[in-house]
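# Sequence and predicted structure are below.
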Amino acid sequence: QVQVVESGGGLVQAGDSLTLACGASGSAFRSYNMAWFRQAPGKDREFVAASNWAGDTYVADSVKGRFTISRTDAVYLQMNSLKPEDTAIYYCAARGPYLAATSTLADAYNYWGQGTRVTVSS
C-alpha cells in the first residue's frame, strides 16, 4: 500500500504565491508517477499537473504559466499569481511503478492523499 501525503495549503490573497508538497511512502516515490488534481465546490475533479518517475512534467493549460511542478525529495506544486478561481481542495495522486505515460485522468491513479485546502481571497 502506497501512502500519499500532501501539505502546504492555506488562505492567501489574490496575486500571492503558495507551494504545495506531496510525498509517497518508501520506494514508491522514486518509481511512481505523481500528479496534482483539484476539486472546487460543486465541480468535478480537475487535472492540474503531473511528473512521471523519470522527471518529465506536464501542466494543464488552465494553469500553465502560473503553476509549476517539480520533483526532488517530494513533488512540489509552485502556484504563482493565484486567483480566486484557484480555490479548491488540491489532491496528490500516484500511479505506477515505472509507467512511461503521464495521465491526466483521475481514474488512472491508484493512490490518493486526503487533500489540502487552498483558499484564495479577492
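Cool, got the structure. Residues are numbered from 1 along each chain as shown.

# what number of residues lie near Thr72?
The number of residues packed near Thr72 is 7, by other C-beta atoms under 10 Å. Every C-beta, even on glycine, is put in place using the N, C-alpha and C of the backbone.

# Could you shift the numbering so residue one becomes 465, and keep it that way?
Okay, residue one is now 465; in that scheme the one you just asked about reads as Thr536.

# Contact partners for it?
Thr536 makes contact with no residue under the criterion C-beta atoms under 8 Å, 6 or more residues apart in numbering.

# mind redoing it with 10 Å?
Applying C-beta atoms under 10 Å, 6 or more residues apart in numbering, we find Thr536 in contact with Gly519.

# can you give me phi and psi for it?
Dihedral pair for Thr536: phi -130, psi -100, per degrees, to the nearest 10.

# So for it, what's the pLDDT?
Confidence at Thr536, expressed as pLDDT, is 89.

# again with the one 3 residues further on
In this model, Val539 is scored at 94, pLDDT.

# Same check on Gly560?
87.

# What lies in contact with the lowest-mean-pLDDT helix or strand in the chain?
Lowest mean confidence among the helices and strands of the chain (mean pLDDT, DSSP states H and E): helix 492-495, at a mean of 80. With C-beta under 10 Å, 6+ apart as the test, helix 492-495 has contacts from 465-468, 486-488, 498, 517, 535, 537-539, 558, 560-563, 575.

# Buried subset of those as a PyMOL selection?
Entered in PyMOL, the line below selects the buried ones among the contacts of helix 492-495, by 16 or more other C-beta atoms under 10 Å:
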select buried, resi 466+468+486+487+488+498+517+535+538+539+558+560+575
